[in-house]
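Engineer: What follows is a predicted protein model with its sequence.
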Number of protein chains: 2
Amino acid sequence: MSVTAAPGFVASGIHAGIKRRRHDMALIATDDARPVTAVAVFTQNKFFAPPVGVSRRKLAESGGRAAAVIVNSGNANAGTGLQGYADAEAMCEATAEAIGCATGDVLVCSTGIIGNLLPMDKVLPGVSKLAQTLSAEGSEAAAKGILTTDHVPKEAVVKGSTFTLGGMAKGCGMIAPNMATMLAFLTTDADVPADELQAILRDAADRTFNTLNVDGATSTNDTVILLANGRAGRPDMAEFAGAVHKVCEDLTWQMARDAEGVTKMVTLRVTGAASDAEARTAAKSIAENNLVKCSWYGSDPYWGRLLAAAGSAGIDFDPERAAVAYGGITVSKAGAPVAHDVAAVAEHMKNERIDIEVALGLGTGAAQVIGIDLGPGYIKENSVTS
Amino acid sequence: MSVTAAPGFVASGIHAGIKRRRHDMALIATDDARPVTAVAVFTQNKFFAPPVGVSRRKLAESGGRAAAVIVNSGNANAGTGLQGYADAEAMCEATAEAIGCATGDVLVCSTGIIGNLLPMDKVLPGVSKLAQTLSAEGSEAAAKGILTTDHVPKEAVVKGSTFTLGGMAKGCGMIAPNMATMLAFLTTDADVPADELQAILRDAADRTFNTLNVDGATSTNDTVILLANGRAGRPDMAEFAGAVHKVCEDLTWQMARDAEGVTKMVTLRVTGAASDAEARTAAKSIAENNLVKCSWYGSDPYWGRLLAAAGSAGIDFDPERAAVAYGGITVSKAGAPVAHDVAAVAEHMKNERIDIEVALGLGTGAAQVIGIDLGPGYIKENSVTS
């Protein structure tokens, strides 16, 4: 059910013809076309796409209200200049007309290839078709409509004691340190004011999506939107924040598992840093290093590459205090190898999910990221425009 | 001839048994075992290897003098703790004894696998053998002795009007943004005081090796050493600095051409940045982006990925002013596509060397880096410890 799990939301997804065969458009809306509380987290990239510019402006003007989100995949409407803005606006206008709300209440997202104008002759008829097929059963089709190189739809639902929260996402190319787009859409019947909702979503995104898409190097189009219609009344705020975190975390792991060419997922924890910020910097530097990523692909517990990445991350680092553990088994201390159960480490490295701790031994700063290996599948998917 | 091109230097290279078959040790020395002016540029990595620590200290203590450099490949003597320091010192001592100089006059470098102790039972007999085979004809063997995953030795010589400058290098895994080691050794008969020599070497390294190994993310062992015995007297300083630059540049391109799995080399120029520093940041961000590197492998002029990388580099960036050109042909202006000769761009992308300009349109800051594509060969060489 995902984005239609909470009462009051409808959705649809179709093949409009932007891609050759697969679904390529989706619509999420309130069932009465009235605006509800809406918050979002957008890419920090200065080369953001026109739909990001348009949605950001609409939310600022409405003070956090929206009735619908129109989405297309297969074309990011990025690197498209003024025509790109006109096209994104036209998508909102067509949606507003089709479902009967104000243009200002429609948000828009695109994902796919950068640098080509949207085929509006396919997109606009697609909007009509989406509006006609909106239903509470439409979430699965919508989850398909937002995918690009993803292999499977990504959906999650949490039933709270008083509310329901559902979400769907697309990811894949956005694996650190890269830039293909991640989109996520959440809906809930909880009643939470926009400012609180924004803070909860920002915090959840930072602790989930942003630990995978490790930060700054975000796509032209990355967007997370949360709509709340308030029908279920005010929730227990701790429970609600936990639910948002849970849905985002669930979607993050689904994205990691479906990443382009992925064969290994690594929970990389940096501890003992001088500060949390330094731990984050080190974790990012390690998880983004191609030699490290290749060693994960090869199931090789090559701890020296991890420390070399940490040592050049520009943080406080002392080889004499550093230690590395794979699957809880320490393989290096004081920057040198230590005797350990080699067979047990080799066994752990064969898993699809690997746990690594880099302990810097300097302070109490800690951070965790989800790292992905670098294998031939990634190159195959990214060496030609698909 | 390379490191023995200048009168007064001898060299040798052998197979000592660290690697299975190939040469794995080299020695460069003055022909009378007397110390001469010596300067070096070392890795900035805080997880530097013991030989880096030892050589750095010796140069500081001698005020820039050395009579020999002992090198091994196949094992980086990195991540080896106190025993690593003892082994690096033992290599210097054995060399000093074998050629008849002070231990303080011997520098040491290692390159290869991180995290294993040196097999000193092979290294120490290797030192004796190297000392016995030192000759003015030994430069080719020495150039082989320093290689790791390199396919060919890298040598360069410049004959100045009054002096000779020769050099050899090993590179390969050090392609941006990675961390395998680059080593380079230069010798000359010019007479240049240590402080001037240091400034010239630092400047040349910044404008050559460091545009490839794009910076900060340097290896545990990176080292460039320049020995000058002064026999040819004081050179014309501009000519001499030009020669150092030329040898470093030549070796840099040899390293790029022989990089792990490389199929394309890209001269990436960022212009119109707010400052040179911002241009360097943007160039580094673009050249290190895996989606960009994959597009180079695929001969795909996917300019949107370049701007997306620039837009998230944390620099001043305005999509409305940005333009991208491949092989001098502008494919994007104002962050949007422009009509261009598609066939000519496709033709240029088929070359082994590609030229790209990203013009930011904001100021006069400019920078140039050498980028390398990311293809399956890189992963093959780096996914298991070789």
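Structural biologist: It's in. Numbering: from 1, shown residues only, chains lettered A, B, ... in the order given.
Engineer: Name the nearest residue to residue A:111, ignoring sequence neighbours.
Structural biologist: Leaving aside its sequence neighbours, residue A:111 sits nearest to residue A:181 (Cβ to Cβ, 6 or more residues apart in numbering or on different chains; 4.2 Å). Any C-beta I mention is one placed from the backbone N, CA and C, and that applies to glycine too.
Engineer: Helix, strand, or coil at that neighbour?
Structural biologist: Using DSSP: H, G, I helix; E, B strand; the rest coil, the structure places residue A:181 in coil.
Engineer: Show me what counts as buried in the longest helix belonging to chain A.
Structural biologist: Ranked by residue count, the top helix of chain A under DSSP state H comes out as helix A:237-257. The neighbour-count check on helix A:237-257 (16 or more other Cβ atoms under 10 Å in any protein chain shown) flags A:240-241, A:243-257 as buried.
Engineer: Summarise which helices and strands that helix is packed against.
Structural biologist: strand A:154-159, strand A:164-170, strand A:183-188, helix A:194-207, helix A:209-212, strand A:265-273, strand A:365-372 (3 or more Cβ pairs under 8 Å, 6 or more residues apart in numbering or on different chains; DSSP states H and E).
Engineer: which residues are in contact with the helix or strand that comes right after the shortest one?
Structural biologist: Which is helix A:209-212. Proceeding N to C from helix A:209-212, the next assigned helix or strand is strand A:223-228, under DSSP states H and E. Defining contact as Cβ atoms under 8 Å, 6 or more residues apart in numbering or on different chains, one finds that strand A:223-228 is touched by A:9, A:28, A:30, A:36-43, A:51-52, A:55, A:66, A:69, A:107, A:109, A:182-192, A:197, A:201, A:205, A:209, A:244, A:248.
Engineer: Repeat the analysis, applying 6 Å as the threshold.
Structural biologist: Residues outside strand A:223-228 that contact it (Cβ atoms under 6 Å, 6 or more residues apart in numbering or on different chains) are A:36-42, A:69, A:109, A:183-188, A:190, A:192, A:197, A:201, A:205.
Engineer: List the residue ranges of the stretch 251-386 of chain A that fall below the pLDDT cut-off.
Structural biologist: A:384-386 (pLDDT under 70).
Engineer: rerun that using 50 as the cut-off
Structural biologist: A:386 (pLDDT under 50).
Engineer: Show me the strands in it, by range?
Structural biologist: Counting by DSSP state E, counting those that start in this stretch, the segments of the stretch 251-386 of chain A that form strands are A:265-273, A:323-326, A:329-333, A:336-337, A:353-359, A:365-372.
Engineer: Return the distance of residue A:139 relative to chain B.
Structural biologist: 30 Å (Cβ to the nearest Cβ, to the nearest Å).
Engineer: Let me see the contact set for residue A:118.
Structural biologist: A:75, A:77, A:87.
Engineer: tally of neighbours for residue A:47?
Structural biologist: 25 (other Cβ atoms under 10 Å in any protein chain shown).
Engineer: and if you look at residue A:98?
Structural biologist: 22.
Engineer: picking up where we left off before, closest one to chain B among the helices and strands packed on helix A:237-257?
Structural biologist: Nearest of these to chain B, taken as Cβ to the nearest Cβ: strand A:365-372 at 10.8 Å.
Engineer: which secondary structure elements does the closest one contact?
Structural biologist: helix A:209-212, strand A:265-273, helix A:276-287 (3 or more Cβ pairs under 6 Å, 6 or more residues apart in numbering or on different chains; DSSP states H and E).
Engineer: Average pLDDT for the first one, rounded please.
Structural biologist: In this case it means helix A:209-212. For helix A:209-212, mean pLDDT rounds to 85.
Engineer: Please determine how far the residue in the stretch 151-300 of chain A that chain B sits nearest to is located from residue A:373.
Structural biologist: In the stretch 151-300 of chain A, the residue that lies nearest chain B is residue A:298 (3.3 Å; Cβ to the nearest Cβ). Distance check for residue A:298 against residue A:373: by Cβ to Cβ, to the nearest Å, it reads 8 Å.
Engineer: what's the answer for residue A:312, then?
Structural biologist: 21 Å.
Engineer: circling back: I'd like to know which of the strands of the stretch 251-386 of chain A is closest to residue A:317.
Structural biologist: Between residue A:317 and these, the shortest gap by Cβ to Cβ is with strand A:265-273, which sits at 8.9 Å.
Engineer: Flag every buried residue along that closest one.
Structural biologist: Within strand A:265-273, the residues that qualify as buried are A:265-266, A:268-273, counting by 16+ other Cβ under 10 Å.
Engineer: And the furthest pair within the residues you listed?
Structural biologist: Among those, A:265 and A:272 lie farthest apart (Cβ to Cβ), at 23.4 Å.
Engineer: returning to that earlier point: turn the buried residues of strand A:265-273 into TSV, including distance to chain B.
Structural biologist: Putting these into TSV (distance: Cβ to the nearest Cβ, whole Å) gives the following:
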residue	distance to chain B
A:265	16
A:266	14
A:268	17
A:269	18
A:270	14
A:271	17
A:272	15
A:273	13
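Engineer: The closest residue to residue A:193 other than its chain neighbours: neighbour count?
Structural biologist: Using Cβ to Cβ, 6+ apart and skipping residues adjacent in sequence, the residue nearest residue A:193 is residue A:37, 7.2 Å away. Residues near residue A:37, counting by other Cβ under 10 Å, number 23.
Engineer: Surely residue A:37 is within a strand?
Structural biologist: Yes - applying three-state DSSP, one finds residue A:37 inside a strand.
Engineer: Once you drop chain neighbours, what's closest to residue A:376?
Structural biologist: residue B:376 (4.9 Å).
Engineer: Please report the distance of the one you found from residue B:224.
Structural biologist: 31 Å.
Engineer: the more surrounded of those two?
Structural biologist: Set residue B:376 next to residue B:224 and count neighbours by other Cβ under 10 Å: residue B:224 wins out with 26 against 17.
Engineer: what's across from that one in the sheet?
Structural biologist: residue B:41, residue B:184 (DSSP bridges).
Engineer: per-residue confidence at it?
Structural biologist: Looking at residue B:224, its pLDDT is 96.
Engineer: just the one 4 residues further on next, same as before
Structural biologist: In this model, residue B:228 is scored at 98, pLDDT.
Engineer: before we move on, what about residue A:75?
Structural biologist: Per-residue pLDDT puts residue A:75 at 94.
Engineer: Neighbours of it, how many?
Structural biologist: 24.
Engineer: Could you measure from it over to residue A:69?
Structural biologist: Separation of residue A:75 from residue A:69 (Cβ to Cβ): 17 Å.
Engineer: need the residues of the stretch 201-350 of chain A near chain B, please.
Structural biologist: Where proximity means Cβ under 6 Å from any Cβ of the partner chain, the interface of the stretch 201-350 of chain A facing chain B comprises A:216-218, A:220, A:290-291, A:294, A:297-298, A:300, A:302, A:304, A:307-308, A:311-312, A:317, A:319, A:334-337.
Engineer: Make a PyMOL selection of whichever of these turn out to be buried.
Structural biologist: Buried residues among these (16+ other Cβ under 10 Å), as a PyMOL selection:
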select buried, chain A and resi 217+218+220+290+291+294+297+298+300+302+304+307+308+311+312+317+319+334+335+336+337
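Engineer: Many thanks, have a good one.
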